[in-house]
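Asker: I'll drop the sequence and a predicted model, then ask my questions.
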Amino acid sequence: MSASLAGLKVEMRYLQRDYEVKTREVELLKQQYQAHAEELLRVQTRANGTETKVEALRREGEVKRVAFSASLLTSGSITIGPFNSHTPLVFKNVVSNIGNAYNPNTAPVRGAYHFELYIYGPGHASHSTGAVLTKNGEHIVMSYEHQPSHYAKSANGVTLLLEVGDLIFLRQWKNSVIFDNENHHNTFSGHLLFRM
């Protein structure tokens, strides 16, 4: 009986050592699990940050696509002017409006923009044909032609650095006459070249 008791004690010591080894292994696994959980949390945080940046870049990419073209009339024909002062021109026929920047004509992002204007009118001894592109009400460039007969046409273009909210529009030159019909002779176009 004492031999069997001694054998049980030896076996118990082996089991005790085995238990201690397994306990250390479990403790090590817990530490590894904790380290993996922390790493997973860091990866998740970075992934969330990346998703936010990707969404911001996507929105920025949408804003980068800014371009419009419009003509004076949707249908019919009209002679506009002469007026005693510069008069805002309203371009009612929107041909394209990428980025929704035409109405109102305020710059959605800071950047370099290019604008073009084409003006057409009847020749007249007393009245020219002309329009002015303005930035926040300031005269920037003019498209102007004066001839006594036939039709007059002129064009101009400019590249401007605009801040968010800057307002760009055209004014008919005082004492001038503009004509338009279904051929859409008078157009105003602009597009964002690049952000600044």
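Answerer: Received, thanks. Numbering: from 1, shown residues only.
Asker: now the helix or strand of the chain with the lowest mean pLDDT: how far from the chain's centre is it?
Answerer: Counting by mean pLDDT, DSSP states H and E, the chain has its least confident helix or strand at helix 2-64, which shows a mean of 77. Remark: helix 2-64 is offset 45 Å from the chain centroid, using CA atoms, centre = their mean, to the nearest Å.
Asker: average pLDDT across the following helix or strand past it?
Answerer: Moving toward the C-terminus from helix 2-64, the next helix or strand (DSSP states H and E) is strand 67-71. Mean pLDDT, strand 67-71: 88.
Asker: With just CA atoms, put strand 67-71 into PDB.
Answerer: Below are the C-alpha coordinates for strand 67-71, written out as PDB (Å, rounded to 0.1, in the frame of the first residue of the first chain):
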ATOM      1  CA  ALA A  67     -18.200  72.900 -65.300                       C
ATOM      2  CA  PHE A  68     -21.200  74.700 -66.800                       C
ATOM      3  CA  SER A  69     -22.400  76.200 -70.100                       C
ATOM      4  CA  ALA A  70     -25.600  78.200 -70.500                       C
ATOM      5  CA  SER A  71     -27.200  80.300 -73.200                       C
END
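Asker: For that strand, name the packing helices and strands.
Answerer: Counting contacts by 3 or more CB pairs under 8 Å, 6 or more residues apart in numbering; DSSP states H and E, strand 67-71 is packed against strand 93-98, strand 187-195. C-beta here means a position set from N, CA and C on the backbone, and glycine is covered the same way.
Asker: partner strands of the shortest one, parallel or antiparallel?
Answerer: Right, the one you point to is strand 93-98. Applying DSSP bridges to the sheet, strand 93-98 is found paired with strand 67-71 (antiparallel).
Asker: Distance from the partner strand to the middle of the chain?
Answerer: Centroid displacement of strand 67-71 relative to its chain, using CA atoms, centre = their mean, is 16 Å.
Asker: Where do the domain boundaries of this structure fall?
Answerer: What automatic domain parsing lists as the domains of the chain is 1-64, 65-195.
Asker: winner for burial among these?
Answerer: domain 65-195 (a mean of 17; mean count of other CB atoms under 10 Å).
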